[in-house]
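**Student:** From the sequence below, what's the structure:
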Amino acid sequence: MTKKTKKAMKQIRFAKKMVAASAALAIMSTTVVSPISTLAASQPETTTNKVENKQTKNTINSTANLIANPNMTLARNATTSAITMSSWSIHFNQYTNVLGGTAGHSDGTYFNLRVPGSLSQGKVYAKSASGWLDIRTSYYAIDSVRPPLGFTQAVRTEVGKTYTESIQFYNTASGGSNYWVHLTGRLYQNPANGVYTNDFVATSTTHNFSVNFNSDSMTSGAAKQSVRDPKVFLKYGAEWALVDGMFTDASKTTIRPSLTNEELDQIREAVGAIDDKAVDKATMTDLIGKADEQLTPKAPIIDRITSQDTIITGTARANAEVEVNTRYTASGPSVFRQYMTTADGDGKYSIVIPTQPVGSQVSAIQTVGGKTSPLSVATVMDGDRYPAPIINPVTSTDTTVTGRGTAGAKVEITIGDDTYTADVNAAGNFVVNIGTARPTGTEMTIVLKGDFEKTSDPITAEVGKSLLEQATEAVDALFSDGTHTGLAGGVKQADIDAAKALVERLPAGTAKQELLDEIAKAQNLLDAQAEADKLKAAQDAVDDLFADGTHTGLAPGVGQADIDAAKELVDALKPGTDKDELLDEITKAQNLLDAQAEADKLKAAQDAVDDLFADDSHTGLAPGVGQAEVDAAKDLVEALKPGTDKDELLDEIAKAQDLIDAQEAADKLKAAQDAVDALFSDGTHTALAPGVDQAAIDAAKALVDALPAGTDKTELLAEVAKAQALLDATPANGSVTPASFRLGTDRAVTGTYTGNVAEVSLVVNGVDKGKAVVRGGVVSYYAMDKIRNITDVVELVSYDNRGVQNDRKRVTILSTAPTTGTVTPNEFDMATDRHVTGTFTGAVTRVGLKVNGTELGKVGVSAGQFSYYAFRAFTATDTVQVVGYDAAGNVLDTKTVNIKTAAPTTGTVTPNTFNVITDRKVEGTVTGDVYRVALEVNGTERGKVGVVGGAFSYYAFNVIRSTSDVAEVVAYDKDGKVLDRKAVTITDGVVAPIGTVTANPFTVGTTNTLTGTATGDVVKVGLRVDDVDKSKVSVIGGNYSYYARGVITSATQKVEIIGYNAAGAEITKTDVTVN
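**Tutor:** Numbering: from 1, shown residues only. Got it, this is the predicted structure:
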């Protein structure tokens, strides 16, 4: 039995105990509320006044009817003939104890009540039968202010308590236009038949209950009025019985010794349910407070506390002193800390404490008016949460749920009213047996639980489709409709392959084979479509080779690649007439291209040969023509087909070659002569030119040696020998003078030389960096990458014309000089620019870009300009700067970029109507600067798609599910600004949906699954039990299966199966027979 159920049973026993206690107080009750005459001899009728306990839902009966003789039975005194009624007083206007004549009404069943004196002519007849008191009036009309006939009974009451009086009325009237009923002075004119009540608060110890009758324009037998069931009872009798029962005396000053706090709480709750406007409630509340003050307080309530809580809260008596101790132990010494607080006027308290260990205990007591309560003890629960479990997909054929969770925890799965559990093993895996497979769409809740109420956040999962359902849907999606005679738009080989892969996973059987047959059908349709597409592509490619439909000339720009591409398309066709005809056309195009190519080659060769000569006479070469031009022209001629044209052009090539050979011989002689002349200082060839060394003489001799034998060669060799003799006689003396080298500024070691210096080398820290030729008495040796530090030892070494060192000097190294430079950025236009550009001066070698103080990177500079790619790197409101750096990374200058704001973007979006039955995509058009379009459904944005050619297409199947959904498309510019928003019109496109459902009988306790069939537009069925809708399941192959164990629980329930179409609308239903 659960803790809640035990508490409910305890409160029911308490209610019974209180009823018994109220009976035990019969003396007090009789003194206060019994009729003045006598207690009713017969068993009185009672009216139920329900005082609903919020926890136990217990119903307690109120006190009994205080009216004696509620049946209102008439009797005649045999001596006086007076008509009497036990416990009642009968009056007729101002007269009481009305006498009755011996004569009755004509039907012999009524007493004749008459009044002496002037009213004797009035007649009133009365009788009591079947619990009713019937009155008939004749001959006499009396106004409504002075009722002609009434019945009164005095009832004892208790001042300040609320009572209810009532009577049942019935009228049969004819002839009269009005009739009245007075209930204790409350007038009802022409009341309808029924029970009439009146609440009153007793102001004295006696209450006169009276009921009076009257009507107008009555004739004999014309009207009859009837009443029965007169009642007076305490309105809150049950609650008063509970409150009075707390005390041992009528003055309610001393509480009953056996009264407990639990009883007092339940009495307080019962009284709390009374309407706040009732005067009884305030009185009862005061009495409860009086009793509360006399009771020892019960143990205070400690609210649930966890290892993460730093505040303990709970409930005690109003304004009670509360003491809380942490680290409480039931036995043995306790090492605890004490905390004190005072409850507020509602009894709520809170205390700040340090966090407590899991499983430790906290105790509390309360003290009120010097009385101390028993001890309350609460255990500290685990406030840490497990990570949410991970659930593997569950299909409609699975009978287990698997997943991962925290090792050692217990996993709990709830499906409907059923709960299933299993442990998470040491590897963090779990397998939960759920008994039977659940239909697609069934929801389940999964949570991890552990010791001390440790838990995870619950997650929900939904049963997915079985492999057969998935495979069937995939195959159906390949076709345009249910006939499976045409492919759906956009179906590709990958779609067929994917569907086939699903089907292949099914076990062997009829269902698998049928689906494979449909896939083969789809494959045939796709193959046929592909072959038609290939033929069309080949025909188009062949037609594009020609200038027009006659196919007699090639289209402009057609080349071999175009013909090869067309031929490849034709070769890929299946053998047949179409392929053969297209191959013939390819051959025709090839012949046309070959003829055109040969003519082009001849023209090119002729042009190349003509270009070798200065004029049409071909007697001299054109300026600048050399061996390369002759060889190139010859290659073009050699590529021609044999024939007269080729032979003639080859003769011209030979002529050009002869001219080239003659020209080259003259050029070689001229070059040799010039080289020899350059060795000497003048035409007399008696002295060497300045700077001539052995290398210069060797180079001149090599040119002369390359000449053909003859007088020119002999003479030039003699001059070379003369130069060699002069060089041999030249002194080896020479010197070099280097300039200072400044780090970071100078690029080369410079200086001067004198004497016989032909080359210099640079030695850095003992390492020779190589030689460089010098001329004109000036030295310049690139050294920026060789001299790095001011401490480097650098020497400049000179060599004579024979390569012999003749001088060495130390180079002075100077420190880096301060660098300067500036940067000047151009204005950046947000609408058009992609780069931040500008100019620089001085020693700037790199430029950086800063946005809002953060540098994004650096770029190099060139020719006084810089350019930094900055598209979408900043907005118009950002602070953008360019920074100039020198080669050492020093900042030389910083400038702010002026940003020109782009013009505001504008645009519109126009969605098409979306049909939830037939459409899969929300589509539409855009204008202006719209860059992306988002879909928003029921206030949630589902993502954005790009815009292509002024249109957008958003896949919305299963996103928009009903015409009741609110969908909008939202247009954004490239910066994410909203430009437009339009509502999507949603329709279901279904007119007068049709369909039927059937349901097989369901036996409670035996049947777990409700099955049946569905036809027409029914795609889902739902269960409705006692007019409450449950979840839905899909219809597969005209059948459905609904797991209803725990949902259908009784044969008395009203159970229906509801059929829904694809739009979710109810279109049919049927009753389910439940046994």
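**Student:** Wasn't residue 737 part of a strand?
**Tutor:** Yes - remark: residue 737 belongs to a strand, assigned using DSSP: H, G, I helix; E, B strand; the rest coil.
**Student:** per-residue confidence at it?
**Tutor:** Per-residue confidence at residue 737 stands at 96 (pLDDT).
**Student:** those strands in the stretch 601-750 of the chain, which residues are they?
**Tutor:** Applying DSSP state E, counting those that start in this stretch to the stretch 601-750 of the chain gives strands spanning 734-738, 741-742, 748-755.
**Student:** looking at those, which one has the lowest mean pLDDT?
**Tutor:** Among those, strand 741-742 scores lowest, at a mean of 90.
**Student:** related to what we said a few turns ago, closest to residue 294 out of the strands of the stretch 601-750 of the chain?
**Tutor:** Between residue 294 and the strands of the stretch 601-750 of the chain, the shortest gap by Cβ to Cβ is with strand 741-742, which sits at 107.0 Å. C-beta here means a position set from N, CA and C on the backbone, and glycine is covered the same way.
**Student:** packing partners for the closest one?
**Tutor:** The helices and strands touching strand 741-742, judged by 3 or more Cβ pairs under 8 Å, 6 or more residues apart in numbering; DSSP states H and E, are strand 813-814.
**Student:** Return the list of strands paired to the following helix or strand past the strand it packs on, each annotated with direction.
**Tutor:** Proceeding N to C from strand 813-814, the next assigned helix or strand is strand 821-825, under DSSP states H and E. Within its sheet, and counting by DSSP bridges, strand 821-825 is paired with strand 835-842 (antiparallel).
**Student:** what's next to the strand it pairs with, contact-wise?
**Tutor:** Contacts of strand 835-842 with the rest of the structure, by Cβ atoms under 8 Å, 6 or more residues apart in numbering, involve 819-826, 828, 847, 849, 861, 864-871, 880, 882, 884, 892, 895, 897.
**Student:** switch to 6 Å and redo it
**Tutor:** Contact with strand 835-842 is made by 820-826, 828, 861, 864-870, 884, 897, as judged by Cβ atoms under 6 Å, 6 or more residues apart in numbering.
**Student:** And for stretch 519-534?
**Tutor:** Contacts to stretch 519-534, defined as Cβ under 6 Å, 6+ apart, come from residues 478, 487, 496, 500.
**Student:** ChimeraX command for the buried members of the contacts of strand 835-842?
**Tutor:** Selecting in ChimeraX just the buried members of the contacts of strand 835-842, where the criterion is 16 or more other Cβ atoms under 10 Å, is done with this command:
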select :821,823,825,826,828,861,866,867,868,870,884,897
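**Student:** quick revisit: just flag the most distant two among the contacts of stretch 519-534.
**Tutor:** 487 and 500 (14.6 Å).
**Student:** could you pull out the helices for this protein?
**Tutor:** In the chain, the segments counted as helices under DSSP state H are 3-24, 26-33, 237-244, 261-272, 279-294, 467-476, 493-504, 510-543, 560-571, 577-610, 627-638, 644-677, 694-705, 711-728.
**Student:** how about these, which one is nearest residue 552?
**Tutor:** For the helices of the chain, distance to residue 552 was read as Cβ to Cβ. The smallest value, 8.3 Å, belongs to helix 577-610.
**Student:** need the contact list for residue 659.
**Tutor:** Residue 659 makes contact with residue 621 under the criterion Cβ under 6 Å, 6+ apart.
**Student:** Distance check, it against residue 623.
**Tutor:** Summarising the geometry, the distance separating residue 659 from residue 623, computed by Cβ to Cβ, to the nearest Å, is 12 Å.
**Student:** same thing with residue 957?
**Tutor:** Here the distance between residue 957 and residue 623 works out to 76 Å (Cβ to Cβ).
**Student:** Which one of those two is surrounded by more residues?
**Tutor:** Between residue 957 and residue 623, counting by other Cβ atoms under 10 Å, residue 957 is the more crowded of the two (11 against 6).
**Student:** Would you agree that one is in contact with residue 921?
**Tutor:** No - with the criterion set as Cβ atoms under 6 Å, residue 957 and residue 921 do not qualify as a contacting pair; they are 7.7 Å apart.
**Student:** And the spatially closest residue to residue 429 that is not a sequence neighbour, how far from residue 182?
**Tutor:** Nearest residue to residue 429, sequence neighbours excluded (Cβ to Cβ, 6 or more residues apart in numbering): residue 404, at 5.9 Å. Residue 404 sits 80 Å away from residue 182, taking Cβ to Cβ as the criterion.
**Student:** Just grab the bridge partners of residue 922 for me.
**Tutor:** Judged by DSSP bridges, the bridge partners of residue 922 are residue 954.
**Student:** Let me see the mean pLDDT of stretch 949-957.
**Tutor:** Taken as a whole, stretch 949-957 carries a mean pLDDT of 85.
**Student:** How about residues contacting that stretch?
**Tutor:** For stretch 949-957, contacts defined as Cβ under 6 Å, 6+ apart pick out 920, 921, 922, 923, 925, 926, 933, 935, 945.
**Student:** Figure out the length between the terminal residues of it.
**Tutor:** When the termini of stretch 949-957 are compared using Cα to Cα, to the nearest Å, they are 23 Å apart.
**Student:** Low-confidence stretches in the stretch 751-900 of the chain?
**Tutor:** When the per-residue scores of the stretch 751-900 of the chain are filtered using pLDDT under 70, the ranges that remain are 817.
**Student:** what do you get if the cut-off is 80, keeping everything else the same?
**Tutor:** Low-confidence segments of the stretch 751-900 of the chain, defined by pLDDT under 80: 801-802, 815-819, 831, 871-872, 888.
**Student:** The residue nearest to residue 472 when sequence neighbours are not counted and residue 464, how far apart?
**Tutor:** Leaving aside its chain neighbours, residue 472 sits nearest to residue 515 (6.8 Å; criterion: Cβ to Cβ, 6+ apart). Separation of residue 515 from residue 464 (Cβ to Cβ) stands at 19 Å.
**Student:** quick one: which of the two has more around it?
**Tutor:** With neighbours defined as other Cβ under 10 Å, residue 515 and residue 464 compare such that residue 515 has more, 22 against 16.
**Student:** which residues sit in contact with that one?
**Tutor:** If you count contacts by Cβ under 6 Å, 6+ apart, residue 515 has them with 471, 475, 503.
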